[in-house]
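S.K.: No letters, just coordinates:
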């Protein structure tokens, strides 16, 4: 069984495209060392991330993210175990949902325009699973 955790957070300051690339490169390197895979979505200064891997590493990484001064409003949406990884080949998949090319992606849906703040997902946490599944299919 693989542990997973999905959270949303807001950036203190919006990330520029080069800053997002840098964040992604560092995340991929660090996550690979920890045996963590997952996906990171960014839209309008908000993040949604799924982390999957060994339970201890997932929890430790989430705690570290919660202490990161670049984030606020870190909200855990879902967590649990699953038989297999959903993002097995990705140390960290990424999509900037603000990028103009996001609208031209095969399988694009207005659902991808859902705000990544907690309000939209707290009332129905399965929405984050739907968003991540849509993202995965479009990769």
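M.R.: Okay, I see it. Predicted model, so just to flag it, every value in this text is computed and none were measured.

S.K.: hey, let's count contacts and neighbours off CA atoms from now on
M.R.: OK.

S.K.: Going by neighbour count, list what's buried in the lengthiest helix in the chain.
M.R.: When the chain is parsed with DSSP state H, its longest helix is helix 17-34. Across helix 17-34, burial judged by 16 or more other C-alpha atoms under 10 Å covers 20, 24, 27-28, 31, 34.

S.K.: ditto for stretch 50-66
M.R.: Buried, per 16+ other C-alpha under 10 Å, within stretch 50-66: 50-55, 57-59, 61-62, 66.

S.K.: any chance of the residues you listed in a markdown table, plus pLDDT?
M.R.: What follows is the buried residues of stretch 50-66, written out as a markdown table (pLDDT from 0 to 100):
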| residue | pLDDT |
| --- | --- |
| 50 | 89 |
| 51 | 94 |
| 52 | 94 |
| 53 | 95 |
| 54 | 96 |
| 55 | 97 |
| 57 | 96 |
| 58 | 97 |
| 59 | 97 |
| 61 | 95 |
| 62 | 96 |
| 66 | 93 |
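
S.K.: For residue 88, which residues are in contact?
M.R.: Neighbouring residues of residue 88 by C-alpha atoms under 8 Å, 6 or more residues apart in numbering: 37-38.

S.K.: in a helix, that's where it is, yeah?
M.R.: No. Under DSSP: H, G, I helix; E, B strand; the rest coil, residue 88 falls outside any helix and is assigned coil.

S.K.: Check the gap between it and residue 45 for me.
M.R.: As defined by C-alpha to C-alpha, to the nearest Å, residue 88 lies at a distance of 27 Å from residue 45.

S.K.: cool, and residue 56?
M.R.: 28 Å.

S.K.: Please apply the same query to residue 65.
M.R.: From residue 65 to residue 45 the distance is 16 Å (C-alpha to C-alpha).

S.K.: Show the low-confidence segments of the protein, by residue range.
M.R.: Counting by pLDDT under 70, the chain shows low-confidence ranges at 89-139.
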